[in-house]
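> just need the structure, nothing else, for what follows:
(one chain, ligands or ions: 1)
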Amino acid sequence: MSLEGVTAEISRGEALRRLAVLLAQGGVEEPAREAAALLRVAAALTSRDLVAAPEAPLGACAERVAEFARRRAAGEPLARIEGRRAFWRHEFTITPDVLDPRADTETLVEAALSAFAARSGQPLRVLDFGVGSGAILAALLGEWPCASGLGVDASASAAAVAAANFAALGLSDRARTLVGNWDEGLGGAFDVIVSNPPYIPSADIPGLARDVRDHDPLLALDGGGDGLDAYRALAPAFRRLLAPTGWFFLEIGAGQGDDVAALLASGGLSVKTRRRDLAGIERVLGGTCA
Ligand SMILES: C[S@@+](CC[C@H](N)C(=O)[O-])C[C@H]1O[C@@H](n2cnc3c(N)ncnc32)[C@H](O)[C@@H]1O
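Below you'll find the predicted structure:
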(Lines give C-alpha, C1' and ligand atoms only; values in the text may rest on other atoms or scores of the structure.)
Protein backbone atom coordinates (compact mmCIF):
# COMPACT_ATOMS: atom_id res chain seq x y z
CA MET A 1 0.00 0.00 0.00
CA SER A 2 1.33 3.46 -0.87
CA LEU A 3 1.10 6.59 1.23
CA GLU A 4 -1.85 6.44 3.70
CA GLY A 5 -3.86 4.29 1.34
CA VAL A 6 -3.49 6.47 -1.77
CA THR A 7 -3.43 3.56 -4.22
CA ALA A 8 -4.38 2.93 -7.84
CA GLU A 9 -7.56 1.06 -6.78
CA ILE A 10 -9.25 3.80 -4.74
CA SER A 11 -11.65 6.21 -6.42
CA ARG A 12 -10.90 9.85 -7.12
CA GLY A 13 -13.49 10.81 -4.48
CA GLU A 14 -11.89 8.57 -1.86
CA ALA A 15 -8.47 9.91 -2.81
CA LEU A 16 -9.73 13.45 -2.18
CA ARG A 17 -10.92 12.48 1.30
CA ARG A 18 -7.65 10.74 2.18
CA LEU A 19 -5.54 13.58 0.80
CA ALA A 20 -7.49 16.16 2.81
CA VAL A 21 -6.84 14.18 6.02
CA LEU A 22 -3.17 13.82 5.18
CA LEU A 23 -2.75 17.52 4.44
CA ALA A 24 -4.66 18.53 7.59
CA GLN A 25 -2.33 16.30 9.62
CA GLY A 26 0.60 18.11 7.98
CA GLY A 27 -0.79 21.47 9.15
CA VAL A 28 -1.79 22.65 5.67
CA GLU A 29 -4.50 25.33 5.77
CA GLU A 30 -7.71 24.71 3.80
CA PRO A 31 -6.89 21.02 3.35
CA ALA A 32 -9.99 20.16 1.27
CA ARG A 33 -9.29 22.90 -1.29
CA GLU A 34 -5.59 22.02 -1.34
CA ALA A 35 -6.37 18.32 -1.76
CA ALA A 36 -8.51 19.05 -4.82
CA ALA A 37 -5.82 21.28 -6.33
CA LEU A 38 -3.15 18.66 -5.67
CA LEU A 39 -5.21 15.88 -7.22
CA ARG A 40 -5.94 17.96 -10.32
CA VAL A 41 -2.25 18.75 -10.82
CA ALA A 42 -0.78 15.34 -9.94
CA ALA A 43 -3.39 13.32 -11.85
CA ALA A 44 -3.78 15.84 -14.72
CA LEU A 45 -7.52 16.13 -14.08
CA THR A 46 -9.86 19.08 -14.45
CA SER A 47 -12.38 20.16 -11.79
CA ARG A 48 -14.99 18.83 -14.20
CA ASP A 49 -13.33 15.38 -14.22
CA LEU A 50 -13.53 15.28 -10.43
CA VAL A 51 -17.19 16.26 -10.33
CA ALA A 52 -18.29 14.15 -13.32
CA ALA A 53 -16.59 10.88 -12.38
CA PRO A 54 -15.67 10.80 -8.67
CA GLU A 55 -16.01 7.01 -8.70
CA ALA A 56 -13.33 6.49 -11.39
CA PRO A 57 -10.25 4.73 -9.98
CA LEU A 58 -7.14 6.80 -9.42
CA GLY A 59 -5.18 4.42 -11.62
CA ALA A 60 -1.57 4.69 -12.69
CA CYS A 61 -1.06 8.22 -11.34
CA ALA A 62 -1.54 7.09 -7.71
CA GLU A 63 2.18 7.02 -7.02
CA ARG A 64 2.62 10.56 -8.31
CA VAL A 65 -0.39 11.73 -6.28
CA ALA A 66 1.08 10.11 -3.15
CA GLU A 67 4.49 11.69 -3.79
CA PHE A 68 2.95 15.15 -4.28
CA ALA A 69 0.88 14.66 -1.11
CA ARG A 70 3.93 13.66 0.92
CA ARG A 71 5.75 16.82 -0.17
CA ARG A 72 2.75 19.12 0.29
CA ALA A 73 2.08 17.74 3.79
CA ALA A 74 5.71 18.52 4.63
CA GLY A 75 5.07 22.18 3.75
CA GLU A 76 6.25 22.48 0.15
CA PRO A 77 3.91 24.74 -1.86
CA LEU A 78 2.08 23.00 -4.71
CA ALA A 79 3.56 25.39 -7.30
CA ARG A 80 7.06 24.36 -6.17
CA ILE A 81 6.19 20.67 -6.42
CA GLU A 82 4.76 21.22 -9.89
CA GLY A 83 7.56 23.61 -10.86
CA ARG A 84 5.07 26.01 -12.44
CA ARG A 85 3.41 29.24 -11.33
CA ALA A 86 0.85 31.42 -13.10
CA PHE A 87 1.58 35.14 -12.91
CA TRP A 88 -0.28 37.87 -14.77
CA ARG A 89 -1.21 36.27 -18.10
CA HIS A 90 1.63 33.76 -18.25
CA GLU A 91 2.91 30.49 -16.81
CA PHE A 92 6.45 30.40 -15.44
CA THR A 93 8.80 27.56 -14.67
CA ILE A 94 10.06 27.91 -11.13
CA THR A 95 12.99 26.07 -9.56
CA PRO A 96 14.47 26.16 -6.04
CA ASP A 97 16.74 28.97 -7.31
CA VAL A 98 13.95 31.53 -7.74
CA LEU A 99 11.28 33.17 -5.63
CA ASP A 100 7.84 31.72 -6.23
CA PRO A 101 6.20 34.82 -7.78
CA ARG A 102 3.41 36.22 -5.61
CA ALA A 103 0.03 37.55 -6.69
CA ASP A 104 0.81 40.69 -4.63
CA THR A 105 3.57 41.51 -7.10
CA GLU A 106 0.96 41.96 -9.83
CA THR A 107 0.27 45.29 -8.05
CA LEU A 108 3.66 46.46 -9.33
CA VAL A 109 2.80 45.40 -12.88
CA GLU A 110 -0.52 47.26 -12.65
CA ALA A 111 1.21 50.41 -11.36
CA ALA A 112 3.69 50.43 -14.25
CA LEU A 113 1.03 49.73 -16.88
CA SER A 114 -1.18 52.46 -15.53
CA ALA A 115 1.61 55.09 -15.45
CA PHE A 116 2.66 54.19 -18.99
CA ALA A 117 -0.81 53.70 -20.52
CA ALA A 118 -0.21 56.54 -22.98
CA ARG A 119 3.22 55.19 -23.96
CA SER A 120 2.42 51.47 -24.20
CA GLY A 121 3.20 51.29 -27.94
CA GLN A 122 6.58 52.97 -27.62
CA PRO A 123 9.96 51.17 -27.66
CA LEU A 124 10.32 51.44 -23.89
CA ARG A 125 13.57 50.26 -22.29
CA VAL A 126 12.82 48.31 -19.14
CA LEU A 127 15.22 47.23 -16.40
CA ASP A 128 14.27 44.67 -13.72
CA PHE A 129 16.60 44.49 -10.71
CA GLY A 130 16.36 41.03 -9.10
CA VAL A 131 14.63 39.41 -12.06
CA GLY A 132 14.19 35.96 -10.41
CA SER A 133 11.87 33.85 -12.57
CA GLY A 134 11.37 36.80 -14.93
CA ALA A 135 7.72 37.21 -13.92
CA ILE A 136 7.60 41.02 -13.70
CA LEU A 137 9.66 41.70 -16.81
CA ALA A 138 7.77 39.13 -18.91
CA ALA A 139 4.41 40.51 -17.74
CA LEU A 140 5.43 44.04 -18.79
CA LEU A 141 6.94 43.03 -22.13
CA GLY A 142 3.80 41.01 -22.84
CA GLU A 143 1.73 44.20 -22.50
CA TRP A 144 4.20 46.52 -24.26
CA PRO A 145 4.82 44.91 -27.66
CA CYS A 146 7.61 47.30 -28.73
CA ALA A 147 9.46 47.35 -25.40
CA SER A 148 12.70 45.54 -24.63
CA GLY A 149 14.11 44.62 -21.25
CA LEU A 150 17.10 43.63 -19.19
CA GLY A 151 16.76 41.47 -16.09
CA VAL A 152 19.62 41.53 -13.59
CA ASP A 153 20.12 39.01 -10.83
CA ALA A 154 22.97 38.22 -8.45
CA SER A 155 22.13 34.54 -8.79
CA ALA A 156 23.35 32.98 -12.04
CA SER A 157 20.87 30.12 -11.57
CA ALA A 158 17.98 32.57 -11.19
CA ALA A 159 19.05 34.49 -14.29
CA ALA A 160 19.12 31.19 -16.20
CA VAL A 161 15.55 30.41 -15.09
CA ALA A 162 14.44 33.87 -16.25
CA ALA A 163 16.16 33.37 -19.62
CA ALA A 164 14.43 30.00 -20.07
CA ASN A 165 11.06 31.56 -19.22
CA PHE A 166 11.64 34.41 -21.68
CA ALA A 167 12.45 31.85 -24.37
CA ALA A 168 9.37 29.76 -23.58
CA LEU A 169 7.20 32.89 -23.80
CA GLY A 170 8.71 33.95 -27.13
CA LEU A 171 10.40 36.99 -25.58
CA SER A 172 14.08 36.11 -26.14
CA ASP A 173 14.50 38.72 -28.84
CA ARG A 174 13.31 41.45 -26.46
CA ALA A 175 14.49 40.28 -23.02
CA ARG A 176 18.09 39.79 -21.92
CA THR A 177 19.46 38.67 -18.59
CA LEU A 178 22.62 39.68 -16.80
CA VAL A 179 24.26 38.23 -13.71
CA GLY A 180 25.41 41.01 -11.44
CA ASN A 181 25.18 42.92 -8.18
CA TRP A 182 22.37 45.46 -8.74
CA ASP A 183 23.71 48.20 -11.12
CA GLU A 184 27.42 47.33 -10.91
CA GLY A 185 28.95 47.78 -14.35
CA LEU A 186 25.64 48.79 -15.87
CA GLY A 187 25.13 51.87 -18.04
CA GLY A 188 22.35 53.27 -20.19
CA ALA A 189 19.09 55.12 -19.78
CA PHE A 190 15.92 53.21 -18.97
CA ASP A 191 12.32 54.37 -19.28
CA VAL A 192 11.09 51.98 -16.62
CA ILE A 193 13.04 50.42 -13.76
CA VAL A 194 11.23 47.84 -11.67
CA SER A 195 12.32 45.83 -8.69
CA ASN A 196 10.88 43.47 -6.14
CA PRO A 197 14.01 43.25 -4.00
CA PRO A 198 14.60 41.16 -0.86
CA TYR A 199 13.02 43.15 1.99
CA ILE A 200 12.57 40.86 5.00
CA PRO A 201 14.62 41.96 8.04
CA SER A 202 17.22 39.22 8.64
CA ALA A 203 16.00 38.52 12.18
CA ASP A 204 12.43 37.86 10.93
CA ILE A 205 13.45 35.07 8.55
CA PRO A 206 13.43 32.19 11.05
CA GLY A 207 9.84 33.11 11.99
CA LEU A 208 8.46 33.14 8.43
CA ALA A 209 5.86 30.59 7.35
CA ARG A 210 7.60 27.34 6.44
CA ASP A 211 6.48 27.43 2.80
CA VAL A 212 8.44 30.69 2.44
CA ARG A 213 11.32 30.09 4.85
CA ASP A 214 12.09 26.58 3.67
CA HIS A 215 11.44 26.97 -0.05
CA ASP A 216 12.17 30.52 -1.27
CA PRO A 217 15.90 31.25 -1.69
CA LEU A 218 17.43 33.27 1.16
CA LEU A 219 18.97 35.66 -1.38
CA ALA A 220 15.45 36.53 -2.52
CA LEU A 221 14.22 37.25 1.02
CA ASP A 222 16.96 38.71 3.20
CA GLY A 223 16.88 42.51 3.19
CA GLY A 224 19.54 42.93 5.89
CA GLY A 225 19.20 44.23 9.47
CA ASP A 226 16.20 46.53 8.91
CA GLY A 227 15.07 44.97 5.62
CA LEU A 228 16.01 48.10 3.66
CA ASP A 229 19.53 47.26 2.38
CA ALA A 230 18.38 46.72 -1.21
CA TYR A 231 16.50 50.05 -1.30
CA ARG A 232 19.67 51.82 -0.17
CA ALA A 233 21.56 50.24 -3.05
CA LEU A 234 18.80 50.80 -5.59
CA ALA A 235 18.04 54.50 -4.93
CA PRO A 236 21.33 55.77 -6.45
CA ALA A 237 20.99 53.20 -9.25
CA PHE A 238 17.56 54.58 -10.17
CA ARG A 239 18.89 58.13 -10.09
CA ARG A 240 21.79 57.20 -12.38
CA LEU A 241 19.99 54.93 -14.86
CA LEU A 242 16.56 56.51 -15.31
CA ALA A 243 15.91 58.38 -18.57
CA PRO A 244 14.68 61.99 -18.05
CA THR A 245 11.02 60.90 -18.41
CA GLY A 246 11.60 57.54 -16.75
CA TRP A 247 9.82 55.99 -13.77
CA PHE A 248 10.79 53.46 -11.13
CA PHE A 249 8.41 51.00 -9.47
CA LEU A 250 9.44 49.23 -6.28
CA GLU A 251 7.74 46.51 -4.30
CA ILE A 252 7.92 47.07 -0.53
CA GLY A 253 7.15 44.99 2.54
CA ALA A 254 4.25 45.73 4.90
CA GLY A 255 4.86 48.96 6.82
CA GLN A 256 8.02 49.93 4.91
CA GLY A 257 6.40 52.64 2.73
CA ASP A 258 7.35 55.75 4.70
CA ASP A 259 10.92 54.60 5.39
CA VAL A 260 11.53 53.66 1.76
CA ALA A 261 9.93 56.89 0.50
CA ALA A 262 12.22 58.90 2.82
CA LEU A 263 15.23 56.94 1.67
CA LEU A 264 14.33 57.56 -1.99
CA ALA A 265 13.73 61.28 -1.34
CA SER A 266 17.16 61.64 0.26
CA GLY A 267 18.58 60.02 -2.87
CA GLY A 268 17.01 62.66 -5.15
CA LEU A 269 13.93 60.65 -6.16
CA SER A 270 10.32 61.65 -5.89
CA VAL A 271 7.54 59.15 -5.03
CA LYS A 272 4.48 59.93 -7.15
CA THR A 273 2.30 56.88 -6.67
CA ARG A 274 1.70 54.49 -3.77
CA ARG A 275 -0.39 51.36 -4.30
CA ARG A 276 -1.98 48.80 -2.03
CA ASP A 277 -2.32 45.10 -2.82
CA LEU A 278 -5.60 43.19 -2.68
CA ALA A 279 -5.18 42.68 1.07
CA GLY A 280 -5.01 46.49 1.53
CA ILE A 281 -1.29 46.44 2.36
CA GLU A 282 0.82 49.19 0.83
CA ARG A 283 2.89 47.23 -1.68
CA VAL A 284 4.35 49.50 -4.38
CA LEU A 285 6.03 52.89 -4.61
CA GLY A 286 6.49 54.48 -8.01
CA GLY A 287 8.13 57.71 -9.01
CA THR A 288 10.71 59.67 -10.93
CA CYS A 289 13.89 61.60 -10.41
CA ALA A 290 13.05 64.65 -8.30
C1 LIG B 1 12.12 38.95 -3.99
S2 LIG B 1 13.02 38.21 -5.32
C3 LIG B 1 12.11 38.82 -6.72
C4 LIG B 1 12.10 37.88 -7.92
C5 LIG B 1 11.14 38.29 -9.03
N6 LIG B 1 11.45 39.61 -9.54
C7 LIG B 1 9.71 38.26 -8.52
O8 LIG B 1 9.15 39.33 -8.24
O9 LIG B 1 9.13 37.16 -8.42
C10 LIG B 1 14.49 39.17 -5.30
C11 LIG B 1 15.54 38.80 -6.33
O12 LIG B 1 16.66 39.68 -6.16
C13 LIG B 1 17.84 38.94 -6.37
N14 LIG B 1 18.94 39.65 -5.69
C15 LIG B 1 19.24 39.66 -4.36
N16 LIG B 1 20.32 40.43 -4.14
C17 LIG B 1 20.72 40.92 -5.33
C18 LIG B 1 21.77 41.79 -5.75
N19 LIG B 1 22.65 42.28 -4.88
N20 LIG B 1 21.86 42.10 -7.07
C21 LIG B 1 20.98 41.59 -7.97
N22 LIG B 1 19.96 40.76 -7.63
C23 LIG B 1 19.82 40.43 -6.33
C24 LIG B 1 17.54 37.58 -5.80
O25 LIG B 1 18.42 36.59 -6.30
C26 LIG B 1 16.08 37.40 -6.21
O27 LIG B 1 15.99 36.73 -7.46
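
> retrieve the pLDDT associated with the residue nearest to the spatial centre of the chain.
Centroid check for the chain by C-alpha atoms, centre = their mean gives Pro101 as the closest residue, at 1.0 Å. pLDDT, Pro101: 98.

> how about low-confidence regions in the stretch 1-150 of the chain?
Scanning the stretch 1-150 of the chain for pLDDT under 70 picks out the ranges 1-2.

> up against the ligand, what does it have?
The stretch 1-150 of the chain comes close to the ligand at residues Val98, Leu99, Pro101, Thr105, Gly130, Val131, Gly132, Ser133, Ala135, Ile136, as judged by C-beta under 6 Å from any ligand atom. In short, each C-beta sits where N, CA and C put it, glycine included.

> I'd like those as TSV, with secondary structure appended.
Listed next are those as TSV, based on DSSP: H, G, I helix; E, B strand; the rest coil:
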residue	secondary structure
Val98	coil
Leu99	coil
Pro101	coil
Thr105	helix
Gly130	coil
Val131	coil
Gly132	coil
Ser133	coil
Ala135	helix
Ile136	helix
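
> go through stretch 201-215 and flag the buried ones.
Buried residues in stretch 201-215, counted by 16 or more other C-beta atoms under 10 Å: Pro201, Ser202, Ile205, Asp211, Val212, Arg213, His215.

> got a winner among the residues of the stretch 1-150 of the chain next to the ligand for most neighbours?
Val131 (32 neighbours; other C-beta atoms under 10 Å).

> related to what we said a few turns ago, of the buried residues of stretch 201-215, the lowest pLDDT goes to which?
Asp211 (92).

> verify the stated contact: Pro145 with Pro123.
No. Using C-beta atoms under 8 Å, Pro145 makes no contact with Pro123, being 9.7 Å away.

> tell me the domain ranges of this structure?
3-75, 84-289 (automatic domain parsing).

> now do the end-to-end distance for the shortest one.
Put plainly, it is domain 3-75. Counting by C-alpha to C-alpha, to the nearest Å, you get 16 Å between the two ends of domain 3-75.

> swap in the last one?
Between the opening and closing residues of domain 84-289 we find a distance of 37 Å, counting by C-alpha to C-alpha.

> how far out from the middle of the chain is it?
10 Å (C-alpha atoms, centre = their mean, to the nearest Å).

> and the buried residues of stretch 201-215 as a markdown table, adding distance to Gly187 and secondary structure?
Shown next, in a markdown table, are these (distance: C-beta to C-beta, whole Å; DSSP: H, G, I helix; E, B strand; the rest coil):
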| residue | distance to Gly187 | secondary structure |
| --- | --- | --- |
| Pro201 | 32 | coil |
| Ser202 | 32 | helix |
| Ile205 | 34 | helix |
| Asp211 | 39 | helix |
| Val212 | 35 | helix |
| Arg213 | 37 | helix |
| His215 | 36 | coil |
